[in-house]
Structures are given as structure tokens and as C-alpha cells.
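> Compute the structure for the input listed below.
(one chain, ligands or ions: 1)
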Amino acid sequence: MRIGDIDIGPGALLAPMEAVTDLPFRTLCEEHGAALTYTEFLSAEALTRGVAKATARLWASLGGRRFAVQVFGREPEVVADAASMAVDIGACLVDINMGCPARRVTAGLCGAALMREPDLAARIVSAVRAALPSGVPVTVKQRAGWDDRSPNAAEFARKMVEAGAALVTVHGRTRDQGFSGSVRLAPIAEVRALLPRHVPVVGNGDVKTVADYLAMKRATGCDAVMIGRAARGNPWLFRDVLAVERGQPAPRPPTVAERRAVWRRHADLVAEYAAPKMLLHELRKTLAWYSHGLFGGAFLRRRSFAEPDPDAVLALGEAYFARLSEREARCGADLGEPAAAPRAKWLDKHARRRSVRQGGTETCEG
Ligand SMILES: Cc1cc2nc3c(=O)[nH]c(=O)nc-3n(C[C@H](O)[C@H](O)[C@H](O)COP(=O)(O)O)c2cc1C
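Prediction:
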């Protein structure tokens with residue numbers, strides 16, 4: 001796929017996700033074959049005012065790999081200035097968020113709210129286009145529309161392209177849908193059908209497996225697919241997509257030793273890059289992700305909330321994978337968790353809430 005002058009290799013893109021697509025996680029996904037990764041959305045207003053919470057998240061990928069920065073805002077000049085900051089740190093493209101459904105974002109008439117103001121959205125795109133060097137594309141991530149009464153995905157995308165967008169990503173839900181129900185593929189197909197062939201369209205929503213990936217491509221004709229939630233703790237999904245794109249046989253699922261090694265690499269990157277006050281929370285998060293659905297995972301997550309410091313969480317993770325490895329030797333590759341008892345689920349939910357109260361973040365899920 002080409003975006004302007006940039007050749008993006010085969011494979012899926014990692015979706016921008018608040019409090020998820022930080023440098024450690026992006027690195028893991030890149031190392032497993034993600035064609036491009038995005039930062040979480042960053043407030044243009046906060047970036048240009050130099051607010052540390054925003055500027056500290058403007059991370060270039062390691063090893064000189066290409067990466068994209070996503071920004072949100074509604075003042076064209078402010079968004080353009082923030083986009084220039086992203087290019088200054090090496091972003092290969094700047095994406096503008098026009099899909100976040102979170103009330104705190106749409107209340108400020110940003111994110112998905114821009115789909116109700118196509119003229120302003122177009123002015124934002126052209127201001128960013130004018131501010132960036134010609135080789136750095138501006139792209140847009142939008143939804144199927146604001147609600148079912150205004151399904152304007154294709155018209156909106158066309159307007160963004162006329163204003164200078166070089167690629168459009170479509171999450172096939174309306175703002176009203178949030179994350180409920182299943183994703184609709186028709187709006188993505190409509191955008192693909194309406195835009196000129198040289199402008200790539202990226203499909204997004206509910207891709208959890210290689211089969212979902214292929215179905216999304218087949219049903220919409222999209223040029224690439226962006227994967228979000230299913231990549232958490234599962235960067236191997238990018239490897240599997242890449243294999244299918246290259247016509248190679250499907251790789252076998254990761255062994256426990258491979259899971260442990262990737263978890264540990266992720267945890268070590270977190271230890272290197274996380275803000276000290278977030279470290280404990282972020283390490284617990286890695287354990288929750290990489291043990292999700294695996295035998296003993298729910299118990300491990302509850303235990304991790306009781307551990308008082310980062311070293312103890314790391315030791316807990318090592319002990320967990322060592323036990324899982326013994327189980328693998330005994331029982332083979334069946335590593336799945338038996339169905340959780342209702343009380344265990346309840347404990348899990350409350351442990352997570354406690355973690356948020358103790359300094360973890362709630363996310364926009366935009
Ligand atoms: C925790 C979380 C945070 C998100 N943050 C952003 C964001 O910063 N910018 C954005 O465009 N979309 C954001 N999204 C939406 C995703 O990029 C993606 O569109 C959505 O999750 C659907 O794709 P999926 O089904 O593959 O997860 C977020 C989603 C989640 C779950």
C-alpha cells in the first residue's frame with residue numbers, strides 16, 4: 001500500500017489506542033510485523049501548550065522505524081502546529097482523529113463530533129496539509145457517521161480527501177454505537193467505492209483473527225486493515241497476518257517459552273520507559289494481557305494487585321510462566337482457562353476498579 005510517496009509494506013496496521021499504544025507496546029507490534037503503528041490520540045491544544053502529559057507521549061519508534069502520530073482538536077491552526085511537532089520528532093504521517101466517541105472529547109466538539117461539521121473538518125485537514133512538508137501525508141480516522149440518522153461516511157471521506165487527506169481509516173460503527181453491536185462493513189465498502197483508487201482506505205473494527213482480517217478485506221475491498229483491541233497481549237496476530245499476505249503457511253501458536261519471552265521483553269520496555277508513578281500499574285497490565293484466556297490467568301491478575309512493587313510483579317510473572325510451562329509439558333498445547341466462576345469474575349472486576357483508583361488510567365476507547 002502506498003500513502004502519498006510512502007510505501008507501507010504488507011500486513012495490518014496497529015490502531016491508535018489511548019493508554020495502550022505507548023512505545024513499549026508499539027515496539028512489540030512492530031517487531032511482530034505490524035506494517036505501521038500509531039501513537040494514541042494526543043490533544044493538539046495540550047501539545048502546543050507544552051503540557052507534559054501530552055508531550056511525554058510523543059514517542060518516536062525505536063530503531064528508526066516508521067510511525068504515525070494521531071492528534072485531535074478543532075482549531076485548524078492549533079492542529080496544524082501540533083502536526084508540525086509530530087513531524088519534528090520523526091512521524092512519517094499525521095493522522096487526525098475524527099472518530100473518538102468519548103463524551104469528554106465530543107463535548108469539546110472534537111473527535112467524532114467533527115463528522116457533524118464536515119466544513120470545519122476539511123479546514124483542519126487543509127491547514128495541516130499546508131503546514132507539513134510535501135512528503136508527509138495527512139490522514140483521517142473516522143467512523144461510519146455520528147448516528148444512524150446521519151450515515152455520511154463516504155461523503156465525509158470524499159470531502160477530507162478533497163481537502164488533502166492521503167488516506168482514510170473507517171471504523172465501521174457510528175458514534176452512537178460506541179463499541180456495542182458488531183461492526184458494519186458496508187460503510188467501509190462505500191468509502192472505498194467512492195474515493196479515487198490512489199487514495200488507500202483502511203478498514204477497522206472487530207478484527208480478532210486472520211479469518212476476520214481476510215473477511216474484512218474481501219467484504220469491503222479496503223486496501224489495508226487496522227487492528228486494535230485484539231492485539232493487546234497478542235502481537236503474534238501481526239505475524240500471522242503477514243504470513244497470509246506473503247502466501248506462507250500459518251505459523252503455529254506461540255509456545256509458553258515464546259509467550260514468556262515476549263511478555264518479558266514488553267515488561268522490560270515498560271520498566272525502561274514508563275513514568276515511575278505508573279510503573280506498577282503498567283507492569284500489572286502486561287501480565288493481564290499476556291495471561292488473558294490462559295490457564296491460571298484470572299488468578300494471576302488478582303494476585304498481581306496484591307503485589308506491592310514492580311520487582312514482585314515481575315517475579316510473579318516469571319513464576320506464572322514457569323508453572324504454565326510445566327503444564328504445557330504435561331498437557332500439550334491446551335493452555336486455555338476453564339470457564340471462570342462468577343465470583344472470580346466479580347473479584348477481577350473489582351480488582352481492576354481498585355487499580356484505576358490507585359493511579360491507573362481510564363481510557364477513551366475512541
Ligand atoms: C482502550 C482504547 C483506546 C482507544 N483510543 C483511541 C485513540 O486514541 N484514537 C483513535 O482513533 N481510536 C482509539 N480507539 C479506537 C481504536 O483505534 C479502534 O478504532 C477500535 O478499537 C476498533 O478496532 P478494534 O475492534 O480492532 O479494537 C481506542 C480503542 C480502545 C479500546
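> Would you mind identifying the helix or strand in the protein with the lowest mean pLDDT?
Lowest by mean pLDDT, DSSP states H and E among the helices and strands of the chain is helix 342-357, with a mean of 59.
> what's the closest non-adjacent residue to whichever residue of the stretch 151-300 of the chain sits closest to the ligand?
Nearest residue of the stretch 151-300 of the chain to the ligand: residue 228, at 2.7 Å (CB to the nearest ligand atom). For glycine as for every other residue, the C-beta is placed from the backbone atoms N, C-alpha and C. Of all residues not flanking residue 228 in the chain, residue 15 sits nearest, at 3.5 Å (CB to CB, 6 or more residues apart in numbering).
> For burial, what's the neighbour tally of that neighbour?
The number of residues packed near residue 15 is 27, by other CB atoms under 10 Å.
> from what I can see it touches residue 38, true?
Yes - applying CB atoms under 8 Å, one finds residue 15 in contact with residue 38, separated by 6.7 Å.
> what about stretch 281-294 and the ligand, touching?
No - Stretch 281-294 does not reach the ligand (CB under 6 Å from any ligand atom); its nearest approach is 11.2 Å.
> Give me every residue in the protein lying close to the ligand.
Residues of the chain lying near the ligand (CB under 6 Å from any ligand atom): 15-18, 20, 40-41, 70, 97, 99-100, 141, 171, 204-207, 227-230, 363-366.
> distance between the ends of stretch 299-319?
Using CA to CA, to the nearest Å, the end-to-end distance of stretch 299-319 comes to 13 Å.
> That should have said stretch 40-55, apologies.
End to end - CA to CA - stretch 40-55 spans 12 Å.
> per-residue confidence at the residue of the stretch 151-300 of the chain closest to the ligand?
Per-residue pLDDT puts residue 228 at 98.
> does it really touch residue 206, like I thought?
No - in this structure, residue 228 is not within contact of residue 206 by CB under 8 Å, at 9.2 Å.
> Of the two, give the one with the bigger neighbour count.
When residue 228 and residue 206 are compared on other CB under 10 Å, the one with more neighbours turns out to be residue 228, at 23 against 20.
> Could you check how far the residue lying farthest from the centre of the chain is from the ligand?
Here the chain reaches farthest from its C-alpha mean at residue 330, the gap being 35.9 Å by CA atoms, centre = their mean. Residue 330 sits at a distance of 35 Å from the ligand (criterion: CB to the nearest ligand atom, to the nearest Å).
> Just the pLDDT at that residue, thanks.
So residue 330 comes in at 88 (pLDDT).
> what about the strands in the protein?
Applying DSSP state E to the chain gives strands spanning 2-3, 6-7, 13-14, 36-43, 68-72, 93-98, 138-145, 165-174, 201-204, 224-227.
> Quick one: closest of those to residue 152.
Closest approach to residue 152 among the strands of the chain (CB to CB): strand 138-145, 5.1 Å.
> Give the pairing partners of that closest one; include direction for each.
For strand 138-145, the pairing partners within the sheet under DSSP bridges are strand 93-98 (parallel), strand 165-174 (parallel).
> okay, the angle between the longest one and strand 68-72?
Translated: strand 165-174. Here the directions of strand 165-174 and strand 68-72 differ by 60 degrees (axes from the mean of the first three to the mean of the last three CA atoms, to 10 degrees).
> about what we covered before: which ones are touching the residue nearest to residue 228?
Counting by CB atoms under 8 Å, 6 or more residues apart in numbering, residue 15 makes contact with 21, 38, 204, 226-228, 231.
> Go ahead and measure how far stretch 304-321 is from the middle of the chain.
Centroid separation for stretch 304-321 versus its chain: 26 Å, with CA atoms, centre = their mean, to the nearest Å.
> Pull the residues that contact that stretch.
Stretch 304-321 is contacted from outside by 256, 259-260, 263-264, 267, 271, 279-280, 283-284, 286-288, 290-291, 296, 300, 303, 351, 354-355, using CB under 8 Å, 6+ apart.
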